[in-house]
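Q: Pasted the sequence and its predicted model underneath.
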Amino acid sequence: MPTTLPRLKCILLLNSFPKQTLTNNNIKQIHAQLITNNLNSPKLFSKLTDYYSSISSNPNILNSIFYYFHPPHLLLFNTLIKCTPLNHSIHIFKTHFSKQLIPFDHNTFNFILGACARSPSYPTLKLGTQLHSLIRKQGFGSNVLVPTTLIHFYANNRDIKSARKVFDEMPERNVVTWNAMITGYCSLKDGNEKNSVNGLCLFKKMLMVGGSEVRPNDTTVVCLLSAASQLGMMEIGGCLHGFAVKVLCKVEEDVFIGTGLVDMYSKCGCLESALSAFVQMKWRNVLTWTAMTTGLAIHGRGKEALEILYEMGSNGVRPNETTFTSLLSACCHAGLVEEGLQLFRDMEGKFGVVPRIQHYGCVVDLLGRNGNLNEAYDFIMAMPISPDTVIWRCLLSACRIHGDVVMGEKVGRFLLKFKEKSSEELAHKSEDYVALSNVYASAGRWDDVEVVRKKMKVKGIFNQSGLSSVQTLRNDAL
């Protein structure tokens, strides 16, 4: 009885207030009350862990809560895996897995696979593959959430074949499962159109399966609109638009579908439809405005794009780094030099967004494509941050296109000074040598071409063979 009131008080404090309203001191006071009154409730401490994680990424406090219980409690372990920073949660899991102190459940696998999915790398791919084997042995594959998370994990680690294998082997799937597989296909932007086609074909199968458990939702449509825009297939995008209107919702009230429509119509060449979708939307976020301004810019309507960009502030939306990267890139490809330079000047002055390396790269590309090679070179030399190899390669490519051998030779020397750090960098280095030799070749300086080629041979740098691919799409793909 004496602990009833403190317990109720702690429960009230933990459950009655949103996480964002509690300060660090509030949470520490609740923590102290739990310990002082000997309230050893895993549920309360799990809630406390969740609250701590919302205000601090320091794993030490969360560890102290977990190790407060002897023996360790599964609920707290799962919460710790879910709430700590990615690398730490993976380390914690490995430690306890090796000691086998806790029998895991399906939530454990969901949370650790989710952490591996958010931190894609070779080590996490290896760990996730081992977890996959453990899931099979312990029989957790029958829980629909676990294989769904596996699909998400494999797709994020770009192992789409393994993701599809998990998907095909599932005896039961829900809409989240289908969306995970479709998203996996549509998010692989590696220049292979086959993945986007597979995503669209899977949607067709999803419709044939039917049933309330696998009914497509807004997430499905947003992913497929992205695939349609990558393929440049406005007919399919239009069908998806009609499907959303008839089956799902009022698209003008769904900011994500609306943004997807603006992006799809813009990239498929139907700017008026993009503008119509944009105007009809009742709510717009920064992605919506970015999609519309980019669409206008790539269609050569740079002034309108900038006008819409400047309207964002009056509508309570602030452009971010991605907005400027996208718009500067669009100005570059559309040849809108003055508009792009003005936009770059306004980034920090009017919008308070500090330019990063990718924004400087866009400006160099913009000037280089237009033939302003000296201006581009001066711009690089005046940059407040060190230019990377991408920026120098961009200018070297412009030198070759415009036949400026003197500038090309100068830029080429900068590039060749960068050290080879990996096989990937070595491949780029071969491109640098070839680009420089092409600059010499365009001016008929064949002796210099021979010198560059001999240097490549001495250093063991070989040119990468070119590849071509042909993608065919059946008429019955949808």
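A: Nice, I can see it. Numbering: from 1, shown residues only.

Q: Now Lys250. Its backbone dihedrals?
A: Dihedral pair for Lys250: phi -80, psi 110, per degrees, to the nearest 10.

Q: Likewise for Leu39?
A: Residue torsions, per degrees, to the nearest 10, at Leu39 are phi -90, psi 80.

Q: go on, Lys43?
A: phi -60, psi -40.

Q: Tell me who's in contact with it.
A: Residues in contact with Lys43 (C-beta atoms under 8 Å, 6 or more residues apart in numbering) are Leu75. To be clear about C-beta, it is placed using only N, CA and C from the backbone, and glycine gets the same treatment.

Q: can you rerun that using 6 Å?
A: Residues near Lys43 by C-beta atoms under 6 Å, 6 or more residues apart in numbering: none.

Q: Likewise for Leu309?
A: Applying C-beta under 6 Å, 6+ apart to Leu309 gives the contacts Thr293.

Q: Nearest spatial neighbour of Ala277, chain-adjacent residues omitted?
A: Leu261 (4.3 Å; C-beta to C-beta, 6 or more residues apart in numbering).

Q: in what helix or strand does the one you found lie?
A: For Leu261, the element it lies in under DSSP states H and E is helix 255-267.

Q: can you pull the buried residues of the helix or strand just after that helix?
A: Remark: after helix 255-267, the chain's next helix or strand is helix 271-280, criterion DSSP H and E. Using 16 or more other C-beta atoms under 10 Å as the test for burial, helix 271-280 gives Leu271, Ser273, Ala274, Leu275, Ala277, Phe278.

Q: Tell me what angle helix 271-280 forms with helix 255-267.
A: With axes from the mean of the first three to the mean of the last three C-alpha atoms, to 10 degrees as the basis, helix 271-280 and helix 255-267 are set at 160 degrees to each other.

Q: So which elements touch the host helix or strand of Gly368?
A: Using DSSP H and E, Gly368 sits in helix 357-369. For helix 357-369, the packing partners by 3 or more C-beta pairs under 6 Å, 6 or more residues apart in numbering; DSSP states H and E come out as helix 321-334, helix 337-351, helix 373-381, helix 389-402.

Q: Just the C-alphas of the helix holding Leu261, formatted as PDB.
A: What follows is helix 255-267 as a C-alpha-only set of coordinates in PDB (Å, rounded to 0.1, in the frame of the first residue of the first chain):
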ATOM      1  CA  VAL A 255       0.300  16.000 -49.400                       C
ATOM      2  CA  PHE A 256       2.400  12.900 -50.200                       C
ATOM      3  CA  ILE A 257       0.400  11.700 -53.200                       C
ATOM      4  CA  GLY A 258       0.000  15.300 -54.300                       C
ATOM      5  CA  THR A 259       3.800  15.800 -54.200                       C
ATOM      6  CA  GLY A 260       4.300  12.500 -56.000                       C
ATOM      7  CA  LEU A 261       1.900  13.600 -58.800                       C
ATOM      8  CA  VAL A 262       3.700  17.000 -59.200                       C
ATOM      9  CA  ASP A 263       7.100  15.200 -59.500                       C
ATOM     10  CA  MET A 264       5.800  12.500 -61.800                       C
ATOM     11  CA  TYR A 265       4.000  14.900 -64.300                       C
ATOM     12  CA  SER A 266       7.000  17.300 -64.300                       C
ATOM     13  CA  LYS A 267       9.500  14.600 -65.100                       C
END
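
Q: how far out from the middle of the chain is that helix?
A: Its chain's average C-alpha position is 17 Å from that of helix 255-267, according to C-alpha atoms, centre = their mean, to the nearest Å.

Q: So for the most centrally placed residue in the chain, what's the pLDDT?
A: Nearest to the geometric centre of the chain sits Ser187, at 8.5 Å (C-alpha atoms, centre = their mean). Here, the pLDDT recorded for Ser187 equals 84.

Q: now it: how far from Cys223?
A: In this view, Ser187 and Cys223 are 8 Å apart by C-beta to C-beta, to the nearest Å.

Q: contacting residues around the helix holding Gly368?
A: Contact partners of helix 357-369, identified using C-beta under 6 Å, 6+ apart, comprise 324-325, 328-329, 332, 337, 340, 344, 375-376, 383, 390-391, 394-395, 398.

Q: Tell me where the model's unsure across the stretch 251-400 of the chain.
A: Of all residues in the stretch 251-400 of the chain, none has pLDDT under 70.

Q: Please tell me I have it right and Asn107 contacts Thr79.
A: No: here Asn107 lies out of contact with Thr79, judged by C-beta atoms under 6 Å, at a distance of 9.3 Å.

Q: Those two: which has the busier surroundings?
A: Using other C-beta atoms under 10 Å, the more surrounded residue of Asn107 and Thr79 is Thr79, with 25 against 19.

Q: ok, residues contacting the helix or strand containing that one?
A: Per DSSP H and E, Thr79 falls inside helix 74-83. For helix 74-83, the external contacting residues (C-beta under 6 Å, 6+ apart) are 42, 45-46, 49-50, 53, 62, 66, 89, 93, 102, 107-108, 111-112.

Q: Pull out the buried members of the residues you listed.
A: Buried subset of these (neighbour count, 16+ other C-beta under 10 Å): 45-46, 49, 53, 62, 66, 89, 93, 102, 107-108, 111-112.

Q: possible to save these as TSV with pLDDT and distance to Gly295?
A: Listed next are these as TSV, based on pLDDT from 0 to 100; distance: C-beta to C-beta, whole Å:
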residue	pLDDT	distance to Gly295
Phe45	76	50
Ser46	76	46
Thr49	75	45
Ser53	73	39
Leu62	73	45
Phe66	74	49
Ser89	80	40
Phe93	83	44
Ile102	74	52
Asn107	87	43
Thr108	87	45
Phe111	89	39
Ile112	88	40
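
Q: Mind putting those residues into JSON lines with distance to Phe203 and secondary structure?
A: Putting the buried ones among the contacts of helix 74-83 into JSON lines (distance: C-beta to C-beta, whole Å; DSSP: H, G, I helix; E, B strand; the rest coil) gives the following:
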{"residue": "Phe45", "distance to Phe203": "44", "secondary structure": "helix"}
{"residue": "Ser46", "distance to Phe203": "38", "secondary structure": "helix"}
{"residue": "Thr49", "distance to Phe203": "39", "secondary structure": "helix"}
{"residue": "Ser53", "distance to Phe203": "36", "secondary structure": "helix"}
{"residue": "Leu62", "distance to Phe203": "40", "secondary structure": "helix"}
{"residue": "Phe66", "distance to Phe203": "42", "secondary structure": "helix"}
{"residue": "Ser89", "distance to Phe203": "33", "secondary structure": "helix"}
{"residue": "Phe93", "distance to Phe203": "35", "secondary structure": "helix"}
{"residue": "Ile102", "distance to Phe203": "40", "secondary structure": "coil"}
{"residue": "Asn107", "distance to Phe203": "30", "secondary structure": "helix"}
{"residue": "Thr108", "distance to Phe203": "32", "secondary structure": "helix"}
{"residue": "Phe111", "distance to Phe203": "29", "secondary structure": "helix"}
{"residue": "Ile112", "distance to Phe203": "30", "secondary structure": "helix"}
